[in-house]
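Novice: no sequence on this one, just coordinates:
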C-alpha cells in the first residue's frame with residue numbers, strides 16, 4: 001500500500017504539473033499585442049525566429065504584457081488610460097482573471113511579476129490627486145489586489161524588476177493626465193520625471209532626476225541588464241526643433257549618462273532594450289521610423305536601422321530584433337500589426 005507521505009507527495013507533484021508552463025504554450029521567447037486584419041486585438045507568443053506559438057483574443061487594444069516566470073500566464077494591459085488588464089492562460093487560450101483598477105485610477109499599460117511569480121506589480125495613475133501608484137496583486141489568490149504604494153513620482157509608465165529580485169525600478173514620466181481630458185498633458189511647464197528604485201514593499205531606495213535643462217524630458221521606457229544597469233528611453237515635451245537626447249543609462253557605479261542620438265529618434269522613444277552585459281542599447285522611434293543602437297562603452301551611435309512604424313525591440317543572444325506595425329517580427333512577416341512592445345520571457 002502507498003504510505004501517507006508518498007500519497008501527499010504525489011498530490012503535491014500533480015498539483016504542480018496540472019498548471020501549464022511556457023513549454024505547454026509552445027515555448028515562446030516573446031509576447032506581443034497586435035491587431036489582426038479583421039479588427040480583432042490579440043496577444044501572441046513568438047519564437048526567437050519570429051514564428052507564432054499562440055494567439056489569444058483581447059477585448060481591446062493591448063499595449064504591453066507581463067509574463068509569469070514559470071506558469072504560462074500573461075497579463076495583457078490596455079493602452080493608457082485603460083482601467084482593466086486581463087490575465088490569460090496562454091497554453092489553454094482562456095482568460096483566467098480580469099484586473100480592474102480601483103475607482104479613481106487607471107493603468108499605464110505596464111506591469112511586472114516578482115521573481116517567484118507570486119506577486120504582480122502594476123503602474124497606475126491616481127488621477128484626481130495627480131499621484132503615481134504601484135498596485136500589488138496576488139497571483140496565488142486569483143490575482144486579488146492586496147496592496148498599493150507610491151511610485152515615487154507622477155505618471156509612472158514602465159516598471160521593471162531589478163536583478164537582485166528584491167527591488168523595482170519605475171519610470172515616472174512626470175506628466176499629469178486625467179481621463180476627463182483624454183491624453184492631454186496638464187503640467188508641462190512644471191513636470192519633473194525621475195527613476196525611482198523601490199523595495200517590493202514600496203520603500204524608496206533612491207530617486208534619480210535629470211538636470212534642470214532636461215526638465216521637459218519624460219522618462220517612459222526601461223530595460224535592465226544583468227549587472228543592474230538601467231537603460232531608459234525618454235519623450236521630449238519641448239520644441240521639436242530643439243530635441244534633447246532621449247536615451248540614457250543609470251548605474252550605481254557610473255551614475256547617469258545621456259547619449260547623443262543625432263536627432264535620429266525625433267525626440268521620441270517608443271521602446272528600449274539593453275544586452276545582458278550592458279554593452280549595447282537599442283531605442284526605437286515609430287515617429288521617425290528607425291532604431292538607433294548605441295555602444296555603451298563608446299557613448300556613441302553604433303548602428304541605425306530604418307523600418308516604417310518600428311517600435312518593439314528585444315534581445316536574442318545579445319542581438320536586437322524588432323517588430324513593427326506592418327507585421328514584421330524577427331524577419332518573419334505576419335498579417336498582425338504589432339503594437340508597441342516586444343516582451344522577452346525569462347529563461
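Specialist: The structure has been received and is ready for your questions. Quick caveat: nothing in here was measured; it's all calculated off a predicted structure.
Novice: Can you pull out the low-pLDDT segments for this structure?
Specialist: The chain contains residues with pLDDT under 70 at 1-18, 240-243, 347.
Novice: what about the helices in it?
Specialist: Using DSSP state H, the helices of the chain run over 4-17.
Novice: now the closest residue to residue 284 other than its chain neighbours: how far from residue 258?
Specialist: Of all residues not flanking residue 284 in the chain, residue 291 sits nearest, at 4.5 Å (CB to CB, 6 or more residues apart in numbering). Where you see a C-beta, it was placed from the backbone N, CA and C, and this is true even at glycine. Applying CB to CB, to the nearest Å, the value for residue 291 to residue 258 is 18 Å.
Novice: So between the two, which is more surrounded?
Specialist: Between residue 291 and residue 258, counted using other CB atoms under 10 Å, the more crowded position is residue 291 (29 against 18).
Novice: That one reaches residue 313, doesn't it?
Specialist: Yes - when contacts are counted by CB atoms under 8 Å, residue 291 is listed as touching residue 313 (6.3 Å).
Novice: Find the residues that touch each one of those two.
Specialist: Counting by CB atoms under 8 Å, 6 or more residues apart in numbering, the residues touching both residue 291 and residue 313 are 282-284, 320, 322.
Novice: picking up where we left off before, which strand residues sit across from the residue nearest to residue 284 in the sheet?
Specialist: Counting by DSSP bridges, residue 291 is bridged to residue 284, residue 305.
Novice: ok, now which ones touch it?
Specialist: Residue 291 sits next to 282-285, 304-305, 307, 310, 313, 320, 322 when contact means CB under 8 Å, 6+ apart.
Novice: Go through those and name the one nearest residue 153.
Specialist: residue 283 (21.3 Å; CB to CB).
Novice: residue contacts, that closest one?
Specialist: Going by CB under 8 Å, 6+ apart, residue 283 touches 231, 233, 246-247, 261, 265, 269, 271-272, 291-292, 294, 313.
Novice: TSV for those residues, including distance to residue 154?
Specialist: Shown next, in TSV, are the contacts of residue 283 (distance: CB to CB, whole Å):
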residue	distance to residue 154
231	22
233	18
246	19
247	22
261	25
265	23
269	19
271	22
272	21
291	28
292	28
294	28
313	26
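Novice: for those, which one is nearest residue 87?
Specialist: For those, the residue nearest residue 87 by CB to CB is residue 271; the value is 22.6 Å.
Novice: Can you spell out which residues form a bridge with that closest one?
Specialist: Bridge pairing for residue 271 - DSSP bridges - gives residue 284.
Novice: just residue 250 next, same as before
Specialist: Taking DSSP bridges as the rule, residue 250 bridges to residue 230, residue 256.
Novice: From the shared contacts of residue 291 and residue 313, keep the buried residues only.
Specialist: Buried subset of the shared contacts of residue 291 and residue 313 (neighbour count, 16 or more other CB atoms under 10 Å): 282-284, 320, 322.
Novice: Widest-spaced pair of these?
Specialist: 283 and 322 (11.2 Å).
Novice: what residues are shared contacts of those two?
Specialist: Taking CB under 8 Å, 6+ apart as the contact rule, residue 283 and residue 322 both touch 291, 313.
Novice: ok, now which ones touch the residue nearest to residue 65 when sequence neighbours are not counted?
Specialist: Counting by CB to CB, 6+ apart, the nearest residue to residue 65 once its immediate chain neighbours are dropped is residue 31, at 4.6 Å. Neighbour list for residue 31: 43-46, 65, 67, 74, 342-343, 345 [criterion: CB under 8 Å, 6+ apart].
Novice: hmm, 6 Å instead?
Specialist: If a contact means CB atoms under 6 Å, 6 or more residues apart in numbering, then residue 31 has 65, 67, 74, 343 as its contacts.
Novice: between the contacts of residue 283, which is nearest residue 27?
Specialist: residue 313 (21.0 Å).
Novice: Mind listing the residues bridging to that closest one?
Specialist: Legend: beta-bridge partners of residue 313 under DSSP bridges are residue 322.
Novice: Just give the number of residues close to it.
Specialist: Around residue 313 there are 28 other residues, counting by other CB under 10 Å.
Novice: Do I have it right that it meets residue 285?
Specialist: No - with contact defined as CB atoms under 6 Å, residue 313 does not reach residue 285; the gap is 10.6 Å.
Novice: before we move on, the earlier item: now for the contacts of residue 31: which two are most distant?
Specialist: Greatest spacing in the contacts of residue 31, by CB to CB: 74 and 343 (8.3 Å).
Novice: Check the contact lists of the two and give me the overlap.
Specialist: By CB under 6 Å, 6+ apart, residue 74 and residue 343 have these common neighbours: 31, 65.
Novice: Strands of the stretch 1-150 of the chain, residue ranges please.
Specialist: Using DSSP state E, counting those that start in this stretch, the strands of the stretch 1-150 of the chain run over 30-35, 41-46, 52-58, 62-67, 73-78, 84-89, 94-100, 105-113, 119-126, 131-138, 144-150.
Novice: and those strands as TSV, adding distance to residue 189?
Specialist: Output for the strands of the stretch 1-150 of the chain, formatted as TSV (distance: least, CB to CB, whole Å):
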stretch	distance to residue 189
strand 30-35	34
strand 41-46	36
strand 52-58	37
strand 62-67	27
strand 73-78	29
strand 84-89	32
strand 94-100	34
strand 105-113	22
strand 119-126	20
strand 131-138	19
strand 144-150	23
